[in-house]
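> Here is my input; please provide its structure:
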Amino acid sequence: MPGGRLTQQERQQIALGLADGLAYAEIARGIDRPTSTVTREVMRNGGPTAYRAELAHRATEHRAHRRRQTAPRDPKAPPQPHGRDAEAVRAYEEVLTTVFIQSGTPTMMARVLAGLLLTDSGSLTASELAQRLQVSPASVSKAVAFLDSQGMVRRERDERRRERYVVDDDIMYDSMMASARGTAQVAETARQGVGVLGVRTPAAVRLENIARYLDFVSESITRAAEQARDILHTKPGAAADGTAEPKPDHA
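Numbering: from 1, shown residues only. Predicted coordinates:
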């Protein structure tokens, strides 16, 4: 199985495979590469619907050039915990960040969120994040403010009175609940417009339908989020083999 960077011809084969609706594993077999290589390549270059071989090749060359210009890592830097492959972690962080961006998260916010999620502590200071991402503390602060508003990050003070940014096991639950509250607020605002525009007028009927729809969605998100957390949530290390053992359903 060949190693090294993907060639331009291989990228063209990936693009053709995506256009034909092939799975990543099938595309990978066609170019004799690991499935993970194809997955990373596609996700860091626009995703399956936006992947373009020529653009991906140029973007990869640009990233390689930028890395060559970056100062080398400190040789005394501590090794990755738990024997992790540092390069594999870095590549996965890129993939995770790209997925967040494609789902609508702004770029810097996506980078901060991915950086926090991939720490075992789930907690970093502003300076630690800035150093990790090679950005300014102001950029980190702005990103955290956005993530905080979405219920995905919280702020707390450590024993040295430094502000720390934290994600925990309830990050998706908190985010879903924030989304449900936001949806409910839009529904309430739409309903207020019914009285302003006149009941049974076309515009008022439209707003009433929007309000009813969003009420239903908000209630469904809330109910599903609470049920999922009760049933599926586990703590790290709950199972000896690393698999999650869901809590019993007491309902």
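
> Next, the buried residues of the helix or strand encompassing residue 230.
If you go by DSSP states H and E, residue 230 is part of helix 202-232. Counting neighbours by 16 or more other CB atoms under 10 Å, one finds that the buried residues in helix 202-232 are 204, 207-208, 210-211, 214-215, 217-218, 221-222, 225, 229. All C-beta atoms are positioned from the backbone trio N, CA, C, and that covers glycine.

> what about the nearest residue to residue 225 once chain neighbours are set aside, distance to residue 151?
Among residues not flanking residue 225 along the chain, residue 176 sits closest, at 4.1 Å (CB to CB, 6 or more residues apart in numbering). Separation of residue 176 from residue 151 (CB to CB, to the nearest Å) stands at 8 Å.

> Equivalent analysis for residue 23, please.
Shown here: residue 23 relative to residue 151, a distance of 34 Å by CB to CB.

> before we move on, what about residue 139?
The gap separating residue 139 from residue 151 is 21 Å, by CB to CB.

> Equivalent analysis for residue 47, please.
25 Å.

> Between those two, which is the more surrounded one?
Remark: of residue 47 and residue 151, residue 151 carries more neighbours, 20 against 14, as counted by other CB atoms under 10 Å.

> is it true that that one touches residue 170?
No. The pair residue 151 / residue 170 is not scored as a contact, 9.3 Å apart, by CB atoms under 8 Å.

> Residue 38 is in contact with residue 22, isn't it?
No. Judged on CB under 8 Å, residue 38 makes no contact with residue 22 at a distance of 9.9 Å.

> For those two, indicate the residue with more neighbours.
Set residue 38 next to residue 22 and count neighbours by other CB under 10 Å: residue 38 wins out with 26 against 16.

> Which element, helix or strand, includes the more buried one?
Take DSSP H and E as the rule and residue 38 turns out to sit in helix 35-43.

> Next: residue 164.
Here residue 164 is assigned to strand 163-166, by DSSP H and E.

> What pairs with that strand, parallel or antiparallel?
Paired neighbours of strand 163-166 in the sheet (DSSP bridges): strand 123-125 (antiparallel), strand 154-157 (antiparallel).

> List the buried residues of the last one.
By neighbour count, and taking 16+ other CB under 10 Å as the criterion, the buried residues in strand 154-157 are residue 154.

> cool, stretch 44-63 as well?
By 16+ other CB under 10 Å, the buried positions in stretch 44-63 come out as 44-46, 51, 53, 56-57, 60.

> Average pLDDT for that stretch, rounded please.
For stretch 44-63, the mean pLDDT works out to 81.

> which secondary structure elements does the strand or helix carrying residue 16 contact?
Take DSSP H and E as the rule and residue 16 turns out to sit in helix 8-19. Secondary-structure packing of helix 8-19 (3 or more CB pairs under 8 Å, 6 or more residues apart in numbering; DSSP states H and E): helix 24-31, helix 35-43, helix 53-69.

> returning to what we had before: what's the farthest-apart pair in the buried residues of stretch 44-63?
44 and 53 (13.7 Å; CB to CB).

> mind listing the helices for the stretch 51-200 of the chain?
Remark: helices assigned in the stretch 51-200 of the chain by DSSP state H, counting those that start in this stretch are 53-69, 86-102, 107-117, 126-133, 137-149, 171-197.

> what's the helix holding residue 230 packed up against?
If you count contacts as 3+ CB pairs under 8 Å, 6+ apart, helix 202-232 packs onto helix 171-197.

> Now do the helix it packs on against helix 202-232: the angle between them, please.
Angle of helix 171-197 versus helix 202-232, following axes from the mean of the first three to the mean of the last three CA atoms, to 10 degrees, is 160 degrees.
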